[in-house]
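In: Sequence and predicted structure, then a few things I'm wondering about:
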Amino acid sequence: MPGVELGDLGMKMAYNATCNGYGRFSGVRVPRGSLLAAHAEVDGDGMYRVVDSGGENLAKKLYATMLDMRCIIVRGAGMGLAQTVTVATRYSVVREQGRPMFAAEDSAEVSLVAYKSQQYRLGMLIAQAYAVVFASKAFDAEYRQFEAERAVGDYARLGFIHGLSTGLKAWATTVASAGAEEARKMCGGHGYLAISGLPDMVATVAATATFEGDNYVMWQQLVRYLFKQIKTQPVDADIAEYMGGLTAYLEKDGGRWSLEGGVCELATLQSIFRHRSMRLLALAFEVLSKESETSSPGEAWNKHMMSVLSAGHAFVEYYVLRTFAEYVDGVRDTDSNLAATLRRLCRLFALTTVVSPVSTFYAVSFTEDGTLNVAHLTQMRETINELLLQLLPDLVALTDAWDFTDASLSSALGCKDGNVYERLMVWTKQLPVNNGSLVAEAWGGDEGVGGFLRRNNNIRQSKV
Ligand SMILES: Cc1cc2nc3c(=O)[nH]c(=O)nc-3n(C[C@H](O)[C@H](O)[C@H](O)COP(=O)(O)OP(=O)(O)OC[C@H]3O[C@@H](n4cnc5c(N)ncnc54)[C@H](O)[C@@H]3O)c2cc1C
């Protein structure tokens, strides 16, 4: 149509089966009757109005649609991380590299998983993938409950569900995209090959940190909700207990909590996460309130953005640890072996989160108020080492449990049978550049360079 210009944005890092395009309209008038306007209308004077349908408030309805999408993204991010870790785990068992210092001189090379650093990275990433998946399941349950309430016109928990969904989306996709890239690096040079499947997996997970709302914007939405809860009486059942704790904490102004039971025990770890979350939330609230006395709310918010982000992040990590622990409790009576393994994994998740924070804006937040000291951190690192040893025999089973098919992984490094090198050779040999046809055509065939040179005879064959 005249004045209508449409186009595609071209290749992206991944998601190339999805078209992202542009549209430009110049001097185009669309008749009002032809607008794609199910939920909005423009009247004859150009006034834009949303149309409430079925007695449901449209703004709330649109909010609810985004929630649905965030459920999918959090789950997808968890599975995306799980895919890369599955490949990295299988490859780490098969790949033999080096005769390390700890082995006898005449011993064979060891597989990658013998190295403590590889164990640490695998264990941490597997634990994170489980943490995302469990948090996603917990959030799905919250969301389904909200859907039932919404069906009878009850939107009381929309704020809580929205806040939690934004924070969870930001946290899960940040962890998943950083973890997927780490899993790729764990496979060395072969992990960089397209046929490892990893570059595509990493690029696919990376998009989740950006689409459906950039994470740095998402964190802020969660904290806005949390601040509202500080200002008003909490109404949401799930958060009431938590925010009640915050109020008590604020009143006591810096009250400490007990580390009784040992800093590496799950119950204590949960209280450490909870304390840190409340402290950061209280801190952000306090600096913002103070700043707002002399600056506009917007300026104050922007100036103290990093405190705001830390508070949101810490809240989600507390929520995630709590849901993980609840899942462990849930299987305690039905399967004690599984519960024991998951409990180790859950503790590993908590401990590695304290000693190896993923990003910089919260790196020192567990220790900055002095509650955890150097001795505690040393103890945590020792416990991590013990947990890694205990989990070592379970690493493959923990990734097999996600039940990815070989086809879904499409990875020469990560198939179930562990035939990494055979598959690498078979897949590589299929490439036109290796199977003879391309070379014959390019250099030797009549259509190739050789033919061109022979026909033109302007460069001596010996030079070629
Ligand atoms: C694979 C893919 C598919 C997509 N598909 C769709 C689609 O189908 N439909 C659609 O409508 N959109 C789609 N998008 C677009 C996507 O929703 C946006 O890219 C995303 O919301 C971020 O917005 P932006 O690109 O304008 O980034 P910007 O807002 O320009 O962000 C750039 C940087 O600035 C920072 N920043 C921006 N605002 C703030 C703030 N308030 N506070 C702090 N930092 C800030 C961000 O953190 C980011 O680092 C897609 C994107 C991708 C990557």
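Out: Right, received. Where do you want to start? Keep in mind that this is a model prediction, so the values were computed, not measured. Numbering: from 1, shown residues only.

In: so D406 touches G418, yeah?
Out: No: counting by Cβ atoms under 8 Å, D406 stays clear of G418, with 11.2 Å between them. Placement of C-beta: from N, CA and C, glycine included.

In: Give the burial count for R184, as a bare number.
Out: For R184, the count of nearby residues is 22 (other Cβ atoms under 10 Å).

In: Could you measure from it over to the ligand?
Out: From R184 over to the ligand the distance is 19 Å, taken as Cβ to the nearest ligand atom, to the nearest Å.

In: same thing with A88?
Out: A88 is 24 Å from the ligand, by Cβ to the nearest ligand atom.

In: Tell me the confidence at the residue in the stretch 1-150 of the chain positioned nearest to the ligand?
Out: In the stretch 1-150 of the chain, the residue that lies nearest the ligand is Y15 (4.3 Å; Cβ to the nearest ligand atom). Listed pLDDT for Y15 reads 92.

In: Just list the residues touching it, thanks.
Out: T204, A207 (Cβ atoms under 8 Å, 6 or more residues apart in numbering).

In: Alongside the ligand, which residues does the protein contribute?
Out: By the rule Cβ under 6 Å from any ligand atom, the part of the chain lying against the ligand is K12, Y15, N20, A207, T210, F211, E212, G213, D214, Y216, V217.

In: Now tell me which helix or strand of the protein has the poorest mean pLDDT.
Out: Sorting the helices and strands of the chain by mean pLDDT, DSSP states H and E puts helix 237-252 at the bottom, at a mean of 51.

In: Let me see the domain layout of the chain.
Out: In terms of domains, the chain is parsed into 4-50, 225-356+364-398, 431-464 (source: automatic domain parsing).

In: Please identify the most buried of the ones you listed.
Out: domain 225-356+364-398 (a mean of 17; mean count of other Cβ atoms under 10 Å).

In: Let's see the distance spanning that one from one end to the other.
Out: End-to-end distance for domain 225-356+364-398: 36 Å, by Cα to Cα, to the nearest Å.

In: go on, stretch 185-199?
Out: 10 Å.

In: Report the mean confidence score over that stretch.
Out: Average pLDDT, stretch 185-199: 97.

In: got a list of what Q128 touches?
Out: L81, V175, A176, G179, F349.

In: Tell me the spacing between the first one and A180.
Out: Counting by Cβ to Cβ, to the nearest Å, the gap between L81 and A180 amounts to 6 Å.

In: In terms of neighbours, single out the busier of these two.
Out: Of the pair L81 and A180, L81 is the one with more neighbours under other Cβ under 10 Å, namely 32 against 28.

In: which element is the more buried one on?
Out: In this assignment (DSSP states H and E), L81 forms part of helix 58-94.

In: what angle separates the following helix or strand past that helix from helix 58-94?
Out: Proceeding N to C from helix 58-94, the next assigned helix or strand is helix 116-151, under DSSP H and E. Inter-element angle recorded for helix 116-151 and helix 58-94: 160 degrees (by axes from the mean of the first three to the mean of the last three Cα atoms, to 10 degrees).
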